[in-house]
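[1] 3D, please:
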Amino acid sequence: MKCKRCESPRVVSVTGKCSDCCSWSLGDEENDGYLPGDMGIGGGDYIEFRFCLECGQIQSKFPRPPTEIETGEEADDEEEEGEES
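    Have a look, this model is predicted:
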């Protein structure tokens with residue numbers, strides 16, 4: 001895989017299981033527990049993303065639509081499942 005920004009082949013894939021122990025913040029909103037699934041970096045217990053070691057670009061679809069955190073509405077699970085990062 002090549003980076004979407006700089007086309008470097010130095011793209012690393014990161015995965016992790018945080019078992020309800022994830023912390024995140026967006027604007028004034030902060031939370032611990034499950035990772036929201038509509039940010040493009042995983043969801044639930046799992047963090048999954050790719051990024052370029054050359055330029056730092058996260059490899060996902062951008063721009064992201066407003067998140068559940070921002071809108072207060074539940075995200076569409078069908079859109080999140082199987083989304084290519």
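
[2] Report the contact partners of G44.
    Taking CB atoms under 8 Å, 6 or more residues apart in numbering, we find G44 in contact with 34-35, 37. Yep, even glycine has a C-beta here, placed from its N, CA and C like the rest.

[3] Show me just the buried residues among the residues you listed.
    Buried members of the contacts of G44, counted by 16 or more other CB atoms under 10 Å: 34-35, 37.

[4] Filter the contacts of G44 down to the ones in helices?
    Judged by DSSP state H, helices contain none of the contacts of G44.

[5] with the residues you listed in mind, which one is nearest to E48?
    L35 (9.5 Å; CB to CB).

[6] Residues contacting stretch 22-32, please?
    With CB under 8 Å, 6+ apart, stretch 22-32 has contacts from 21, 33-36, 45, 47, 67, 69-70.

[7] Reformat these into TSV and put distance to R5 and pLDDT next to each item.
    As requested, the contacts of stretch 22-32 are exported to TSV (distance: CB to CB, whole Å; pLDDT from 0 to 100):
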residue	distance to R5	pLDDT
C21	31	90
G33	32	91
Y34	29	92
L35	24	91
P36	24	91
D45	29	95
I47	21	96
T67	22	92
I69	25	89
E70	25	90
